[in-house]
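Asks: Next comes the sequence, and after it the predicted model I'd like to discuss.
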Amino acid sequence: MRTDLLRVLGLWRSRLPWLLAGIAMAVAAVLAGLALLGLAGRAVAEGVTAATLFTGSLALLWLRPVVVLRPVFRYLERLVTHAATFRALADTRIWFFRRLAERLPAGLGFRRAGDLLGRLVSDIDALDRVYLGALVPGAAGAAAVLAIALLLGAIDPALAALVALPLAAALLLPPLLAPGAAAAGQ
């Protein structure tokens, strides 16, 4: 499974700037969402206590640009990641059909060629979930965990460890458990 993933990523090497830009937009969207949650919680908590009215209003002041930035980052994430996916899949199709043409110079023949081509194209289309459904969320989550751990580490290292360890475990468990799940699925 890992070798197949590395082979696909090797095919997508020419689209690396697009793929990395999509991940960067996803990281920005995740961090904006976390900032929105944190600022809203702080504004509500300090608004209820009313003892620190100034910092509560400061949180509300910071909340407004984040409310605007989060949907902008989400839109840019969708735009860039889908553009990267379409470009990478186009490269994959070109690579695949060139290799197919080299191996079958006479063509596929007329017997059930449409079924075969349909299955081949759907297999290539399934690769969009590799980037959009696995790589982008995993990389964005890992970058967000790293940013949170670094930020909290500057404030309180024990709190950083308390927050970062469960988040890191949540990111590491799916790839570690996937081979066993695939074997059990067979």
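Replies: All right, it came through fine. Residues are numbered from 1 along each chain as shown.

Asks: By mean pLDDT, which helix or strand of the protein comes out lowest?
Replies: helix 113-125 (a mean of 72; mean pLDDT, DSSP states H and E).

Asks: Can you work out which other helices and strands pack against it?
Replies: helix 53-103 (3 or more C-beta pairs under 8 Å, 6 or more residues apart in numbering; DSSP states H and E). For the C-beta atoms, the positions are set from N, CA and C on the backbone; glycine is no exception.

Asks: So for the spatially closest residue to residue 60 that is not a sequence neighbour, what pLDDT did the model give?
Replies: Leaving aside its chain neighbours, residue 60 sits nearest to residue 43 (4.8 Å; criterion: C-beta to C-beta, 6 or more residues apart in numbering). Reading off the confidence values, residue 43 has pLDDT 78.

Asks: how near is the most centrally placed residue in the chain to residue 25?
Replies: The centroid of the chain falls nearest to residue 136 when counting by C-alpha atoms, centre = their mean (1.6 Å). Distance of residue 136 to residue 25, given as C-beta to C-beta, to the nearest Å: 9 Å.

Asks: burial count for the closest residue to residue 130 other than its chain neighbours?
Replies: Nearest residue to residue 130 in three dimensions, chain neighbours excluded: residue 8, at 6.4 Å (C-beta to C-beta, 6+ apart). The local packing of residue 8 (other C-beta atoms under 10 Å) involves 15 other residues.
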